[in-house]
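Peer 1: could you work out the structure for the sequence below:
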Amino acid sequence: MEELKDEHFECIKEDNSEEENDKQWQLSKIVFDQFYEYLKNKGLNENTAGRRTDRAAFFIMNYLFVYDDARNILEVSEDTVRKFLGNWYIRKFWNPSIRGINSYLKAISDFYTFLKDRGFISKEQLSEIKDVCKDKAWFEMRLQTYFEAQGDDFYDWIQEYNYD
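Peer 2: Model prediction:
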């Protein structure tokens, strides 16, 4: 299997066209393929490994490189995860659920554990990501308050961890 290189983590898209998405996928695919193999080697079955890989890839390709404007997969922090699942996911998905949020939290945690195990991120960065991924009560609160908020409260909800 090809060795992961720094270039595989870079965002090369100049816009969000299909052509640019295809070029980005060709560059980044090796990262997700190796993550999938990593999960299988950790004992996950193919279906679970596939779902976690798909969620990690979705987070990177559809949020991080589009809305967060990150230039690199490694540019993830607590705020990135909170904006993604505590605002963007809730507003963009047709039927957001805590189950869906939790599945993304697990995929993101596993993905960045994989990157730490491969030496691409620090122990401190992984700790920050894992800590936010454990804060399930906060994400549940965000989901619940989204549906309850009205008027100024709704505006305030959107502004907290806004991805725009």
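Peer 1: so for the residue most central in space within the chain, what's the pLDDT?
Peer 2: Taking Cα atoms, centre = their mean, the centroid of the chain lies closest to Phe59, which sits 3.4 Å from it. You'll see Phe59 listed with a pLDDT of 98.
Peer 1: could you count how many residues lie near the nearest residue to Arg71 once chain neighbours are set aside?
Peer 2: Distances taken as Cβ to Cβ, 6 or more residues apart in numbering put Cys11 closest to Arg71, at 5.1 Å, once the chain neighbours are dropped. In short, each C-beta sits where N, CA and C put it, glycine included. Around Cys11 there are 21 other residues, counting by other Cβ atoms under 10 Å.
Peer 1: residues contacting Cys11?
Peer 2: Applying Cβ atoms under 8 Å, 6 or more residues apart in numbering to Cys11 gives the contacts 24, 64-65, 70-73.
Peer 1: at 10 Å what do you get?
Peer 2: Applying Cβ atoms under 10 Å, 6 or more residues apart in numbering to Cys11 gives the contacts 20, 24, 27-28, 60-61, 64-66, 68-73, 75.
Peer 1: nearest to Trp138 among these?
Peer 2: Asp68 (18.9 Å; Cβ to Cβ).
Peer 1: neighbours around the closest residue to that closest one other than its chain neighbours, how many?
Peer 2: In space, Asp68 comes closest to Thr80 once its chain neighbours are excluded; the distance is 5.9 Å by Cβ to Cβ, 6+ apart. By the measure other Cβ under 10 Å, the count of residues near Thr80 is 22.
Peer 1: list the buried residues in the helix or strand harbouring Thr80.
Peer 2: Using DSSP states H and E, Thr80 sits within helix 78-83. Neighbour-count burial for helix 78-83 flags 80-83 (criterion: 16 or more other Cβ atoms under 10 Å).
Peer 1: same thing with stretch 7-26?
Peer 2: So, applying 16+ other Cβ under 10 Å, buried residues of stretch 7-26: 8-11, 13, 21, 24.
Peer 1: helices of the protein, start to end?
Peer 2: 18-41, 46-58, 78-83, 89-92, 98-117, 123-134, 136-148, 152-159 (DSSP state H).
Peer 1: these: which one's closest to Glu2?
Peer 2: Of those, nearest to Glu2 by Cβ to Cβ is helix 18-41, at 5.8 Å.
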